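Novice: let me see the structure of the following:
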Amino acid sequence: MDIRSKINFKENQFLMFVLDDIANYMEYEEGKKVIRLTLGKSELPLHKDIRQAMYDSMEDFKKSSLVYPGGLPELKKELSKHYKEYYAVDINEKNFIISPGTSAAFRNLFAVLSAPGDEVLIPRPYYSLYHFSALLSGASIKYYTIDTNTRKLDMESFKKNFTDKTKIVVINTPGNPLGNVLSDEELYEMDRFVDGRAVIINDEIYSNVYFDERNKSVMNLKDTKSVFITTNAFSKAYRMYSRRVGYCIVPDELIEPLTVIQHHTLLTVDPIVQFGAIAALDNQKEVEELVSSYKERRDYTMKVLSGNQYMRPIYSEGGFYITLDCKEYMEKYNYKTSLDLAVKILEEKSVAVVPGSDFGLPHTLRLSFSSLNYNEGIDLLKEFFDSGVMYGE
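Specialist: Coordinates of the predicted model:
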């Protein structure tokens, strides 16, 4: 078969799923207990009100058969109300485009806003979706740096890598994998420098998972010079990971292009899960409890893993993850890649983690807070790193 794409699909595997597949085999074929610190998928079941809303709509044929390529009007209306009540920002309901999660929205946005010969500027570390969406559109990829020591934006790297060819800038706050938070000052400085020359896509899927400060949205910025597009979803704090509902907030001129793309490539997001999403917006107390739980797990990680001289946890300010800097450990114990290290940990301790090479940080590991056995997993990781396991032994 003649595969015409220039993408090297093997090199672009999402190693998170590779590790999760190994964990699946160990659990279901070998009968072993594995502690999964891989997917950003909550360990808790859907709230009963979300389940009930989906069940009720499934039983109502009129509701369950609704087809709106750009999303249910009812959900768009509730999202508009939510941003008004929660973030004190007015967004017309027509500017919400509903999609199955944010991944499809990113793919479509990159397809509309970039092409071969263009450049996109994404953070490093990055969520792999940004990188792959650029590969699909044929755009060239450049990076700006988030310093892993300070968790701050390296503005010099931003300015250096923004060019006349840049069509898209991606920001992610709180960030995946670092859990870093961009300050308003940093965001305004980025906007002033871009000065309308590129579209800024803001991935704020963790905007309601702040540990140390009040939740905020980039939509709160005032009098910006550039066009901001925001993406978000119900998969994280609302625990709807497998019930795929996401959205993007776009300017008027992008409503028709994105809707028409979904005319042809999507047709509709399942209305049943969209009714579930409407119910989810009424469950902010559940979100607060999840955030409190993950903050405690962040604190436990910092307490338990901070003593090793060859590995250090990087403080997370929000989101679902914490990152371990393993560079010195990998050098001392002869690990060539973060995949090698992750596989060894899984073999030795039955703890599944994500190689940092997924995110452009080849000497790190990412841990997801979303496991009922999280603290036990951290204790096992401490045993692994404290014992000093040589690669190949």
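
Novice: could you look up the SS state of Thr145?
Specialist: When classified by DSSP: H, G, I helix; E, B strand; the rest coil, Thr145 comes out as strand.

Novice: give me the number of residues near it?
Specialist: Using other Cβ atoms under 10 Å, Thr145 has 18 other residues around it. For the C-beta atoms, the positions are set from N, CA and C on the backbone; glycine is no exception.

Novice: that one touches Asp154, doesn't it?
Specialist: Yes - Thr145 lies in contact with Asp154 (Cβ atoms under 8 Å); the separation is 3.9 Å.

Novice: could I get the pLDDT score of the nearest residue to Met390 once chain neighbours are set aside?
Specialist: Distances taken as Cβ to Cβ, 6 or more residues apart in numbering place Tyr333 nearest to Met390, at 4.9 Å, with adjacent residues excluded. As predicted, Tyr333 sits at a pLDDT of 95.

Novice: now swap in the one 4 residues further on and tell me
Specialist: Here the pLDDT value assigned to Thr337 is 96.

Novice: tell me the contacts of it?
Specialist: The contact partners of Thr337, taken as Cβ atoms under 8 Å, 6 or more residues apart in numbering, are Pro355, Ser357, Pro362.

Novice: scan the residues you listed and report the most crowded one.
Specialist: Ranked by neighbours (other Cβ under 10 Å), these are led by Pro355, which has 23 neighbours.

Novice: next, Ala198: phi, psi?
Specialist: Backbone torsions of Ala198, given as degrees, to the nearest 10, read phi -150, psi 160.

Novice: residue ranges with poor pLDDT in the stretch 201-350 of the chain?
Specialist: Low-confidence segments of the stretch 201-350 of the chain (pLDDT under 70): none present.

Novice: how about the strands in it?
Specialist: For the stretch 201-350 of the chain, applying DSSP state E, counting those that start in this stretch gives strands covering 228-233, 246-249, 312-314, 321-325.

Novice: out of those strands, flag the one nearest Glu30.
Specialist: Of all these, strand 321-325 sits nearest to Glu30, with 26.1 Å by Cβ to Cβ.

Novice: which residues are contacting the closest one?
Specialist: 40, 125, 148, 176-179, 298, 301, 305, 311-316, 353, 356, 361, 363-369, 381.

Novice: among those residues, which lie within helices?
Specialist: Arg298, Thr301, Leu305, Leu381 (DSSP state H).

Novice: contacting residues for the most centrally placed residue in the chain?
Specialist: In the chain, the residue lying closest to the centroid (Cα atoms, centre = their mean) is Asn176, at 5.4 Å. With contact set as Cβ under 8 Å, 6+ apart, Asn176 has these partners: Gly40, Tyr127, Ile205, Tyr206, Gly319, Phe320, Tyr321, Phe359.

Novice: how far away is the fourth one from Asn180?
Specialist: Computed with Cβ to Cβ, to the nearest Å, the distance linking Tyr206 and Asn180 is 11 Å.

Novice: kindly report the same for the last one.
Specialist: In this view, Phe359 and Asn180 are 12 Å apart by Cβ to Cβ.

Novice: what do you get for the fifth one?
Specialist: According to Cβ to Cβ, Gly319 and Asn180 sit 9 Å apart.

Novice: quick check: neighbours shared by those two?
Specialist: In contact with both Gly319 and Asn180: Pro174, using Cβ under 8 Å, 6+ apart.

Novice: between these two, which has more neighbouring residues?
Specialist: Using other Cβ under 10 Å, the more surrounded residue of Gly319 and Asn180 is Gly319, with 29 against 26.

Novice: I figured Tyr247 hits Ala233, correct?
Specialist: Yes - Tyr247 lies in contact with Ala233 (Cβ under 8 Å); the separation is 7.1 Å.

Novice: shared neighbours of the two, which are they?
Specialist: Jointly contacting Tyr247 and Ala233 under the rule Cβ under 8 Å, 6+ apart are Thr102.

Novice: what does stretch 184-201 rub up against?
Specialist: Contacts of stretch 184-201 (Cβ under 8 Å, 6+ apart): 106, 109, 113, 121, 152-153, 155, 158-159, 162, 164, 166-171, 173, 218, 221, 224-231.

Novice: put the buried members of those residues into a ChimeraX selection.
Specialist: Of those, the buried ones go into a single ChimeraX selection, burial set by 16 or more other Cβ atoms under 10 Å:
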select :106,109,113,121,153,158,162,166,167,168,169,170,171,173,218,221,224,226,227,228,229,230,231
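
Novice: distance of the residue nearest to the centre of the chain from Thr265?
Specialist: 25 Å.

Novice: please name the residues that touch the residue nearest to Lys165 when sequence neighbours are not counted.
Specialist: Leaving aside its sequence neighbours, Lys165 sits nearest to Glu119 (Cβ to Cβ, 6+ apart; 4.3 Å). Glu119 sits next to Ala139, Ser140, Ile141, Lys142, Thr163, Lys165, Thr166, Lys167 when contact means Cβ under 8 Å, 6+ apart.

Novice: where does the last one fall, helix, sheet strand or coil?
Specialist: If I follow you right, that is Lys167. strand.

Novice: and for the fifth one?
Specialist: Following three-state DSSP, the label given to Thr163 is coil.

Novice: equivalent analysis for the fourth one, please.
Specialist: Three-state secondary structure (criterion: three-state DSSP) places Lys142 in strand.

Novice: measure the nearest residue to it once chain neighbours are set aside to Lys236 for me?
Specialist: Nearest non-adjacent residue to Lys142, counting by Cβ to Cβ, 6+ apart: Asn161, 4.2 Å away. Distance, Asn161 to Lys236, using Cβ to Cβ: 29 Å.

Novice: circling back to that earlier point, export the strands of the stretch 201-350 of the chain as a markdown table, with columns for distance to Ile98.
Specialist: Converted to a markdown table, the strands of the stretch 201-350 of the chain look like this (distance: least, Cβ to Cβ, whole Å):
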| stretch | distance to Ile98 |
| --- | --- |
| strand 228-233 | 10 |
| strand 246-249 | 5 |
| strand 312-314 | 34 |
| strand 321-325 | 26 |
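
Novice: I am finished for the moment; much appreciated.
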